[in-house]
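A.B. asks: Return a 3D structure for these sequence lines:
(one chain, ligands or ions: 1)
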Amino acid sequence: MVAELPLPDLVRGLPLLGSAHAIGRDPIGFLLDQYRVHGPIFRVRAGHVRLTVLAGPEANEFVHDVGRHLLSNRQVWAPTLAEFGGPNNFVGLDGEPHAELRRLYGPRFSKRSAEAKLDDLVEIAVDSFRSHDPGDEIPFVRFSQRLVSRQVGELLVGQQPTVDEHEAILRYTNAVVMNLSLRRLPRALLRFAARGFRRDREVAHRFSSRLVSSHLSQPARPDQPENFIDTTVRASRTHPHLIGPGEVGASGLLPFFAGVDTVGQTVVFALYELLRHHNAMERATADADAAFAEGGLTPKSLREAGALTGAVMETLRMYPAAFAMPRTAAEPFAFAGRRVEQGTEVLVFTTVCHFLPEYFPDPLRFDIDRFAAADGGFHDPNVFAPFGRGPHLCLGAGMAGVQMTAILATILHFCSLELAEPERTFRPVLRPSLSLGGQFRLRFTGWRRDPPRRQT
Ligand code: HEM
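C.D. replies: Predicted structure coming up:
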């Protein structure tokens, strides 16, 4: 195949653009600028890492089509998954073994499994405000992450982590992903890292072991729906070649590492925009009130909440928490007239079209009506790709959609919030998902109506 590609050598053919600083300050803006100047393939440098970026609708189509066998997840995720203790976790597999485990796990992460627990999702969202008094300024990224971690615990592993466990899991998984998979520092650096890291690691692993022990001492009854841990333990018997004791032991970490930061940050971005757009907020709140008209949320009442759905989709467009996908070239290949060598570290900038006026006119304007427009870029999966593209497309997309709409509906229906610093513009930073950062606060001005009584 190498000989068949009469193309310029990529490494010598393209300049190295950017720096860790430029990318860290405004990652999407930086990559977007390079795409505009250099087209669908270019190279960037972020610290000691050199990345070949594939971007645009052609990159998304490539990843979904021929590129699915040419781009590997294994090398990117192997160090992180090894650190977690389950190197064969499906996120780091390629090809048929990956597809087989996705089929097995799909139902656990589905829209339907989240819809079955809507009452729990609402209760957790309401309960998160119970400890607050009117006038409290809430650091909202942290608040939202905590709310979502309780929901993810309820939906996927049958237990909500304590505050301490949640924070340790978040810090630990973020540190590992940032260092081992995204910046690729040597493993040894983590081993000898600060005492705080070692403590977080211990708490996170103890939490995961506890989930597995609870399952083993009290397996799910056949008439009960399985959760993620149940499925992993069962699959370790039916698929021992793919799921060993390490994968079982680390299984309590995956749902949190995949779902908490992504959903948590997106909810914050949605509220940030809604609170800056009075008319959109009024319509979304009217939808939330209508969705609760019968007392609680139902799949149907959420489906009918068009303004809320429009707000969620527009937030995913403007603030794609996971805006690009890291990969390694499994073989040499050609893309957009360039040759990419085997082993090259690739970044697929899946969400570049979200910011291009040819697909979304006036792309920096938050417009909750875009999604409903039949001719919008939202309906082309190579253009709107907040959940990625190709074989590793987000398995939790359906669940995440229900969570985000339910959280927003609950907050808008029960609570009154305002921006703590209405004059200040916040720019997204990488943490490692896109985030408004720890300084972003919302003021809880009180309950719009009495919250439902706490469930015991
Ligand atoms: C707004 C919320 C979310 C966003 C934007 C998001 C985005 C993504 C993206 C872009 C990928 C692909 C990464 C890649 O190919 O490198 C992905 C994968 C994944 N996501 Fe999500 N995600 C969200 C919520 C969730 C939730 C709630 C869960 C479950 C708790 C979840 C579970 C997963 C899993 C398991 C994968 C790996 C799939 C595979 O490797 O086959 N995600 N997500």
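
A.B. asks: Nearest to the ligand: which residue in the chain?
C.D. replies: Nearest residue of the chain to the ligand, counting by C-beta to the nearest ligand atom: G396, 2.2 Å away. C-beta: built from backbone N, CA, C; applies to glycine.

A.B. asks: can you count the residues close to that residue?
C.D. replies: For G396, the count of nearby residues is 23 (other C-beta atoms under 10 Å).

A.B. asks: wait, what's in contact with it?
C.D. replies: For G396, the contacting residues are 109, 255, 258-259, by C-beta atoms under 8 Å, 6 or more residues apart in numbering.

A.B. asks: same for the ligand: which of those residues are within range?
C.D. replies: Of the residues in the contacts of G396, proximity to the ligand by C-beta under 6 Å from any ligand atom holds for 109, 255, 258-259.

A.B. asks: so what does the one helix or strand A286 maps to touch, helix or strand wise?
C.D. replies: Take DSSP states H and E as the rule and A286 turns out to sit in helix 278-291. Packing partners of helix 278-291 (3 or more C-beta pairs under 8 Å, 6 or more residues apart in numbering; DSSP states H and E): helix 254-276, helix 299-303, helix 306-318, helix 397-414.

A.B. asks: The helix or strand where V44 lies - contacts with which helices or strands?
C.D. replies: Using DSSP H and E, V44 sits in strand 41-46. Other helices and strands packing on strand 41-46, by 3+ C-beta pairs under 8 Å, 6+ apart, are helix 10-13, strand 16-17, helix 20-25, helix 27-38, strand 49-55.

A.B. asks: In its sheet, which strands sit next to it, and in what direction?
C.D. replies: Applying DSSP bridges to the sheet, strand 41-46 is found paired with strand 16-17 (parallel), strand 49-55 (antiparallel).

A.B. asks: what's the most buried one of those strands?
C.D. replies: Of all these, strand 49-55 has the most neighbours on average by mean count of other C-beta atoms under 10 Å, namely a mean of 22.

A.B. asks: any residue of that strand up close to the ligand?
C.D. replies: No. Using C-beta under 6 Å from any ligand atom, strand 49-55 never reaches the ligand; the gap is at least 12.9 Å.

A.B. asks: and the angle for that strand with helix 27-38?
C.D. replies: 70 degrees (axes from the mean of the first three to the mean of the last three C-alpha atoms, to 10 degrees).

A.B. asks: Using CSV, write out every CA atom in the helix or strand that comes right after strand 49-55.
C.D. replies: For strand 49-55, the succeeding helix or strand toward the C-terminus, using DSSP H and E, is helix 57-64. C-alpha atoms of helix 57-64 as CSV (Å, rounded to 0.1, in the frame of the first residue of the first chain):
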residue,chain,number,x,y,z
PRO,A,57,-17.0,16.9,6.4
GLU,A,58,-14.5,14.8,4.3
ALA,A,59,-12.6,13.8,7.5
ASN,A,60,-15.8,12.7,9.2
GLU,A,61,-16.9,10.7,6.2
PHE,A,62,-13.4,9.2,6.0
VAL,A,63,-13.5,8.1,9.7
HIS,A,64,-17.0,6.6,9.2
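
A.B. asks: Against D65, how distant is I41?
C.D. replies: Applying C-beta to C-beta, to the nearest Å, the value for I41 to D65 is 16 Å.

A.B. asks: picking that back up, got the helices and strands packed on helix 278-291 as a markdown table, with mean neighbour count and mean pLDDT columns?
C.D. replies: Putting those into a markdown table (neighbours: other C-beta atoms under 10 Å; pLDDT from 0 to 100) gives the following:
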| stretch | mean neighbour count | mean pLDDT |
| --- | --- | --- |
| helix 254-276 | 24 | 97 |
| helix 299-303 | 15 | 98 |
| helix 306-318 | 24 | 98 |
| helix 397-414 | 24 | 98 |
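
A.B. asks: burial count for R130?
C.D. replies: By other C-beta under 10 Å, 9 other residues sit near R130.

A.B. asks: Next: F360.
C.D. replies: F360 has 22 neighbouring residues, counting by other C-beta under 10 Å.

A.B. asks: Contacts only, for L395.
C.D. replies: Per C-beta under 8 Å, 6+ apart, neighbours of L395: 102, 105-106, 109, 258.

A.B. asks: so what's A99 up against?
C.D. replies: If a contact means C-beta under 8 Å, 6+ apart, then A99 has P391 as its contacts.

A.B. asks: from now on call the first residue 756
C.D. replies: Sounds good: first residue 756 from here, last item A854.

A.B. asks: Mind jotting down where the helices sit in the stretch 806-955 of the chain?
C.D. replies: 812-819, 829-839, 850-860, 866-870, 873-885, 895-907, 918-931, 942-946, 950-972 (DSSP state H, counting those that start in this stretch).

A.B. asks: All set, thanks.
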